[in-house]
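**Student:** Fold the following, please.
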Amino acid sequence: MRVELLAVGKKMPAWVQDGVAQYAKRMRSGAVQWQLTEVEAERRRAGLSAEQCRQREAERILARIDERRHVCLLDERGKPWSTVQLSQQLSQWMQAGDPLTLIAGGPDGVDDRVRARANSCWSLSALTLPHPLVRVVVAEQLYRANSLLQGHPYHRE
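**Tutor:** Presented below is the predicted three-dimensional model:
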């Protein structure tokens, strides 16, 4: 199954790039084909409100999603899944057969149009996480969920 993380922001620190690459490499042999797609964040400048930034970022995000993709928005108001629950959810998405796009918005969140396009919503944590860290957490959790689907033992059960 193709899983894409569509994330706002392009200039990530080396530790983020290294972390995401490490988990992507580990997933190569599994059922999940991981891809990170970066969308340019709207530059914050005088006279441009947070809402205008979200709207411009939404245009970039929505332009990259075709109609047949299942879209899951990463949002603190979403459903909090355990690793096992994520694995079960991933299995359901795989059975449905549609490619999956996970969306990580920018510092100002996402526009309502992106929220409306989402088929589901996943909360990584009730905490506010820095956007670079979200990429690593998502990659690691997808790797872990994929490992469970492949029958690897899970030490938390």
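**Student:** Might you report the residue contacts of residue 99?
**Tutor:** 1, 2, 3, 4, 68, 69, 70 (Cβ atoms under 8 Å, 6 or more residues apart in numbering). Every C-beta, even on glycine, is put in place using the N, C-alpha and C of the backbone.
**Student:** Go ahead and confirm the third one touches residue 36.
**Tutor:** Same thing as residue 3. No: the criterion here is Cβ atoms under 8 Å, and residue 3 misses it with residue 36 at 9.9 Å.
**Student:** Pick out whichever of those two has more residues nearby.
**Tutor:** residue 3 (25 against 20; other Cβ atoms under 10 Å).
**Student:** Am I right that that one falls within a strand?
**Tutor:** Yes: counting by DSSP: H, G, I helix; E, B strand; the rest coil, residue 3 is part of a strand.
**Student:** Now it: closest residue in space, sequence neighbours ignored.
**Tutor:** Once flanking residues are discounted, residue 3 sits nearest to residue 100: 4.8 Å by Cβ to Cβ, 6 or more residues apart in numbering.
**Student:** Could I get the contacting residues of the one you found?
**Tutor:** 1, 2, 3, 4, 69, 70, 71, 72, 93.
**Student:** switch to 10 Å and redo it
**Tutor:** 1-5, 32, 69-72, 89-90, 93-94, 119-120, 142 (Cβ atoms under 10 Å, 6 or more residues apart in numbering).
**Student:** any idea how far it lies from residue 50?
**Tutor:** 28 Å (Cβ to Cβ, to the nearest Å).
**Student:** my guess is residue 65 contacts residue 72, does it?
**Tutor:** No: under the criterion of Cβ atoms under 10 Å, residue 65 makes no contact with residue 72, lying 11.3 Å away.
**Student:** which helix is the longest one in the chain?
**Tutor:** The longest helix of the chain (DSSP state H) is helix 131-149.
**Student:** one step back: gap between the residue nearest to residue 3 and residue 49?
**Tutor:** Distance from residue 100 to residue 49, by Cβ to Cβ: 32 Å.
**Student:** so is the residue most central in space within the chain in a helix, a strand, or just coil?
**Tutor:** Residue closest to the average C-alpha location in the chain (Cα atoms, centre = their mean): residue 102, at 3.5 Å. Using three-state DSSP, the structure places residue 102 in strand.
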